[in-house]
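Student: Everything below, folded, please.
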Amino acid sequence: MTTLTPIDLFTAAVHVGPDGGVTAGERRMTEGRPGSWQLAAFHAASDTDVHADHWEMHPEADELVCVLSGRIRFHLHPDTPGTPEQTATLTPGTAIVVPRGRWHRMQIDEGPVQLLSLSPREGTQLKPVS
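Tutor: Residues are numbered from 1 along each chain as shown. Now for the predicted structure:
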């Protein structure tokens, strides 16, 4: 018999495997099983909580970031030298798709915020904002 068990996405993550299997487990920042994706929700009250001082990049696939409450400013690092950084403001119920291999970061415009992200964690990289 299947047991329905609620998953607290603010403390755990849901992992979607390459075979389509879905399991609850530990959150991972920069590592994951090859071909798997992580769905997690986050509370953030400050720029420190969203590592606004670091760029993040996922080389394996796109990332989906959704705002559930609050307002964030999302930044995409220029993909061509000499071009400006792209920014977008996300409000509750909006989302953005971050292209594979693009450095990105966010800042809180109006907090606290609640975010939902779906991304592969394998190979995720961080670098300080210069």
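Student: Break down the protein into its strands, ranges please.
Tutor: In the chain, the segments counted as strands under DSSP state E are 13-16, 22-25, 37-44, 54-57, 63-76, 86-90, 95-98, 104-119, 125-128.
Student: Low-confidence regions, the protein specifically.
Tutor: 29-32 (pLDDT under 70).
Student: ok, so what distance separates the residue most central in space within it from Gly101?
Tutor: Central residue of the chain (C-alpha atoms, centre = their mean): Ser117, 4.1 Å from the mean position. Remark: distance between Ser117 and Gly101 (C-beta to C-beta, to the nearest Å) = 17 Å. All C-beta atoms are positioned from the backbone trio N, CA, C, and that covers glycine.
Student: can you check Pro34 too?
Tutor: 17 Å.
Student: ok so, going back, excluding covalently adjacent residues, which one is nearest to the residue nearest to the centre of the chain?
Tutor: Nearest residue to Ser117 in three dimensions, chain neighbours excluded: Val65, at 5.1 Å (C-beta to C-beta, 6 or more residues apart in numbering).
Student: Excluding chain neighbours, what is closest to Glu63?
Tutor: Using C-beta to C-beta, 6+ apart and skipping residues adjacent in sequence, the residue nearest Glu63 is Ser119, 3.7 Å away.
Student: Bridge partners for that neighbour, pull those for me.
Tutor: Counting by DSSP bridges, Ser119 is bridged to Gln38.
Student: can you tell me which residues contact it?
Tutor: For Ser119, the contacting residues are Trp37, Gln38, His58, Ala61, Asp62, Glu63, Leu64, Val98, by C-beta atoms under 8 Å, 6 or more residues apart in numbering.
Student: mind putting these in a markdown table, neighbour count and distance to Glu110 included?
Tutor: Below are those laid out as a markdown table (neighbours: other C-beta atoms under 10 Å; distance: C-beta to C-beta, whole Å):
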| residue | neighbour count | distance to Glu110 |
| --- | --- | --- |
| Trp37 | 23 | 29 |
| Gln38 | 23 | 26 |
| His58 | 22 | 26 |
| Ala61 | 17 | 29 |
| Asp62 | 14 | 26 |
| Glu63 | 23 | 22 |
| Leu64 | 15 | 21 |
| Val98 | 20 | 21 |
